[in-house]
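1. sequence below, structure please.
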Amino acid sequence: MGTTNTRASGAGDAAADAFIERLAPLGLTAKKMFGGHSLFSEGAMFGMVTSAGDLAFKADDATKTRYEAAGSERKGRMPYWRVPDAVLADEAELLAWGREAVGVAHAAKK
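-> Numbers count the residues shown, from 1 in each chain. Next up is the predicted model:
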């Protein structure tokens, strides 16, 4: 995992490690950035783990409605939305939402 000159809390680091392990089937890489960790798939940033330990995935106009319907919050003005607790509790669902976020990230790079 790459690093930059940022600081993340111990709780954020532990949460990032756990999420990175759970999302490993997506073939991700991670870097410490923005006080947390950024998650990448083949150079496209598809998610982040905040310094508070929250997981957020990239969404677009078509996919953000699922996050809104689940009561999720957008991370500032960025196109990243907090992953709902029900999704975090289900490994298959977490990977499905992660794959969707990878697709959104790759589409945005085109």
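2. mind listing what's buried in the longest helix along the chain?
-> Counting by DSSP state H, the longest helix found in the chain is helix 91-109. Buried residues in helix 91-109, counted by 16 or more other Cβ atoms under 10 Å: 94-95, 97-105. From N, CA and C alone the C-beta is placed, and that goes for glycine too.
3. give me every residue that touches the most centrally placed residue in the chain.
-> Per Cα atoms, centre = their mean, the C-alpha nearest to the average position across the chain is that of Gly47, at 2.5 Å. The contact partners of Gly47, by Cβ atoms under 8 Å, 6 or more residues apart in numbering, come to 23, 38-39, 55-58, 80, 98, 101.
4. tell me how far the closest residue to Ala70 other than its chain neighbours lies from Thr65.
-> Leaving aside its sequence neighbours, Ala70 sits nearest to Pro84 (Cβ to Cβ, 6 or more residues apart in numbering; 3.9 Å). Taking Cβ to Cβ, to the nearest Å as the measure, Pro84 falls 13 Å from Thr65.
5. ok, these two, which is more surrounded?
-> Comparing Pro84 with Thr65 by other Cβ atoms under 10 Å, the one with more neighbours is Pro84, at 18 against 10.
6. returning to that earlier point: give me the buried entries from the contacts of Gly47.
-> Buried members of the contacts of Gly47, scored by 16+ other Cβ under 10 Å, are 23, 38-39, 55-58, 80, 98, 101.
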